[in-house]
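Participant: what's the 3D shape of this:
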Amino acid sequence: MRHKSTLLNVIDVEATCWDGQPPPGSVSEIIEIGLTVVDVSARRRLSRHRVLVRPVRSSVSDFCTELTGLTQSEVERGVTFAEACRILVEEHGAGQRCWASWGEYDRRQFARQSQAEGVAYPFGYPTERTHTNAKAVFTAAYGLRKKPGMSQALQIAGLPLEGRHHRGEDDAWNIAALVLDLLDRGAWPVTATAV
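Facilitator: Next up, the predicted model:
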């Protein structure tokens with residue numbers, strides 16, 4: 001009998017941001033979705049993906065470009081948020097697969113933006129069943145008092161930072177490495193991979 005693999009989507013988003021308050025009328029919007037597919041049973045990262053998303057209620061500030069490397073002209077060539085959600089569901093099984101992110105920001109940003117734009121939330125319900133806060137799992141597994149940022153967690157785990165920090169595709173890849181570390185330690189919750 002062939003062993004069926006269990007896939008997990010690890011997601012990291014980058015959003016429009018400012019050094020201080022947003023300009024009047026602007027709101028933080030997703031501009032990049034990084035996604036790494038992890039085969040939990042084989043304990044390996046299968047693929048990495050990047051979806052650029054065109055903001056409609058804000059623009060990429062100089063601060064945001066400095067942080068993420070993303071420019072306004074680059075994200076203007078992206079897809080709409082609705083199209084990005086469709087890609088997540090149809091090409092990456094977002095409605096069925098469990099998913100993880102570093103902290104709660106990504107989950108909350110998707111929920112806020114889905115509601116604001118009248119787009120169906122791309123991940124399954126209830127959220128508690130489908131989403132795992134990898135930062136919280138890592139903090140508990142390592143017995144830490146404070147929740148570390150992703151780059152600090154990589155240092156604690158003795159893992160390299162691959163690519164550019166604050167680039168969604170690279171951050172999702174690195175978070176996936178931390179998920180694999182937690183799997184190897186027996187600390188990843190079984191419910192976080194049940195489909």
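Participant: Any idea how many residues pack against residue 125?
Facilitator: Counted with other C-beta atoms under 10 Å, residues neighbouring residue 125 total 9. Using the backbone N, CA and C atoms, a C-beta is placed for each residue, glycine as well.
Participant: what residues does stretch 131-149 touch?
Facilitator: Contacts to stretch 131-149, defined as C-beta atoms under 8 Å, 6 or more residues apart in numbering, come from residues 10, 98-104, 107, 123, 150, 153, 156-157, 175, 178-179, 182, 185, 187-189, 192.
Participant: Flag every buried residue along the lowest-mean-pLDDT helix or strand in the chain.
Facilitator: Ranking every helix and strand in the chain by mean pLDDT, DSSP states H and E puts helix 127-130 at the bottom, with a mean of 76. Within helix 127-130, the residues scored as buried using 16 or more other C-beta atoms under 10 Å are residue 130.
Participant: Just the contacts of stretch 131-149: which are in strands?
Facilitator: 10, 98, 99, 100, 101 (DSSP state E).
Participant: Kindly indicate which of the residues you listed lies nearest residue 67.
Facilitator: In terms of C-beta to C-beta, no member of the ones in strands among the contacts of stretch 131-149 lies closer to residue 67 than residue 101, at 17.8 Å.
Participant: Tell me which other helices or strands the least confident helix or strand of the chain touches.
Facilitator: Here helix 127-130 touches strand 98-101, going by 3 or more C-beta pairs under 8 Å, 6 or more residues apart in numbering; DSSP states H and E.
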